[in-house]
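Asker: Here's my sequence, what's the structure:
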Amino acid sequence: MFGLLAEAASFYRGIVGSFRMPRVLRLLVGAAFLILGSAMILRGANTLRGTNDLNPPHQQGGKLSVEELGQDLTEAYGNNTVNSSGRGIYSVDVKMGKYVINVCVNMSPNGNVIWMITSMAPMPAPGRASATALLNLLNKNSELAPKLFMIQGGRVALASPVPNHDLNAATVKAYVDDLSSTVVETLPLWNPRTLRGE
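Answerer: The predicted structure is shown next:
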């Protein structure tokens, strides 16, 4: 559970270090991540106890290997998965109504967490992003935890850390589909026009 929080803190350091923002906004981002961290601990504890709402029947104990993760994604989504140079990074296209959501799925280096990340919209240039829009994304993080909005590679992304235990093709698909649904449901928050404050 604390490993998830440590990985989220690592993402935060990457965001703050790679994106120039005024000190006040940096403090607000820090405060939002503190709130997010608390929510992640509470929700993570529920996940580890098996009391979250994404808990289809488990058929497999232990951790998935990179190969098993790829097999489960292939079973769930057909030939939409790609292994990137043996590093265990897969790309899955998920159809959600009129949208096709691309979700990257990869294993953490220690194998304890499976990260599911989707990149949605380009970030406006520094100084052109709406502070209100960014705060709305950060506020939404506390509701979505352990999923979280972040900035990755100059784009707004949504990430979901999934504990790597008791997973199979059905549970992996449930987590990927849930992340994809959240992308569609939160479109008004990350729409490029909203991010520019229009």
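Asker: residue ranges for the helices of this protein, please.
Answerer: For the chain, applying DSSP state H gives helices covering 2-18, 23-49, 66-77, 131-144, 169-185, 187-190, 192-195.
Asker: name the helices or strands packed onto the last one?
Answerer: Secondary-structure packing of helix 192-195 (3 or more CB pairs under 8 Å, 6 or more residues apart in numbering; DSSP states H and E): strand 113-122, helix 131-144. Where C-beta positions appear, they are placed from N, C-alpha and C, glycine not excepted.
Asker: what comes into contact with the shortest one?
Answerer: Right, the one you point to is strand 113-122. By CB atoms under 8 Å, 6 or more residues apart in numbering, the residues outside strand 113-122 that reach it are 3-4, 7, 64, 69, 101-108, 152-164, 167, 172, 175-176, 179-180, 183, 190-192, 195.
Asker: Paired strands for it, with orientation please.
Answerer: Note on strand 113-122: by DSSP bridges, its sheet partners are strand 99-107 (antiparallel), strand 155-163 (antiparallel).
Asker: which residues does the closest residue to N191 other than its chain neighbours bridge with?
Answerer: Leaving out its chain neighbours, the residue that sits closest to N191 by CB to CB, 6 or more residues apart in numbering is A121, at 6.9 Å. Bridge pairing for A121 (DSSP bridges) gives the partners V156.
Asker: follow-up on the earlier one: quickly compare the strands paired with strand 113-122 and say which is most buried.
Answerer: Across these, averaging neighbours per residue (mean count of other CB atoms under 10 Å) puts strand 155-163 on top, at a mean of 22.
Asker: pLDDT of it, averaged?
Answerer: When pLDDT is averaged along strand 155-163, the result is 97.
Asker: tilt between that strand and helix 131-144?
Answerer: 10 degrees (axes from the mean of the first three to the mean of the last three CA atoms, to 10 degrees).
Asker: Understood, closing this out.
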